[in-house]
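Asks: Could you work out the structure for the sequence below:
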Amino acid sequence: MMDTLPQFSTPTLTIPEEGLPFRADGRGGYLIGNSRITLDIVIAEFNAGWSAEMLAHEFPTLDLAAVYSVIGFYLRHKAAVDAYLAIREQQADEIQQFIESRQPDKVEMRKRMLARWEEMHKKHAPTSDG
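Replies: I've put the predicted structure just below:
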C-alpha cells in the first residue's frame, strides 16, 4: 500500500493595496505615518546606520511597520529619494544663508553689548566720595 499525500486546497492571502508610508506635509516635505517625523530624518538616520528598530525606539510616534515600509520604499526608489533629499538640503542651506544675511554681525553686536554693560556699571558703581 502506497501512502499518498493528502490533497490540500491552495491557500489564498488577501493583500490590501496600501498607500505610501508617508504623507505630504503641505510645505514640500513628507511625514511618516501619523507622526510629525519627516522622511528626511528617517532616511538620514537610516543612512547613518540606524536600524528600523532603533528608529522606532528613538521616535516613539513612529510605527515599526511604517519605518520598514519607508526604508523599503527608499531602497526601491533610492535615486529619486536621494535627489529629493539633495534638493531639500540645498533649499535648507539657502534659507539659512538668507536668515543669517539679515542678522546683525555677532562680533559687532557683542562689542556694543559689552560697551553698554560697562557704561551701565560705571553709572551705578559706588563712588569713593559717597
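Asks: So what touches stretch 84-104?
Replies: 28, 29, 39, 40, 43, 44 (C-beta atoms under 8 Å, 6 or more residues apart in numbering). C-beta coordinates here come from the backbone N, C-alpha and C atoms, glycine included.
Asks: which of the residues in it are buried?
Replies: Neighbour-count burial for stretch 84-104 flags 84, 85, 88 (criterion: 16 or more other C-beta atoms under 10 Å).
Asks: gap between the last one and residue 23?
Replies: Spelled out, that is residue 88. Residue 88 sits 16 Å away from residue 23, going by C-beta to C-beta, to the nearest Å.
Asks: go on, the first one?
Replies: Relative to residue 23, residue 84 is positioned 15 Å away (C-beta to C-beta).
Asks: Kindly report the same for the second one.
Replies: Distance, residue 85 to residue 23, by C-beta to C-beta: 17 Å.
Asks: Below-threshold pLDDT in this structure: ranges please.
Replies: Filtered on pLDDT under 70, the chain yields the residue ranges 1-2, 127-130.
Asks: Could you pull out the strands in it for me?
Replies: Taking DSSP state E as the criterion, the chain carries its strands at 22-24, 30-32.
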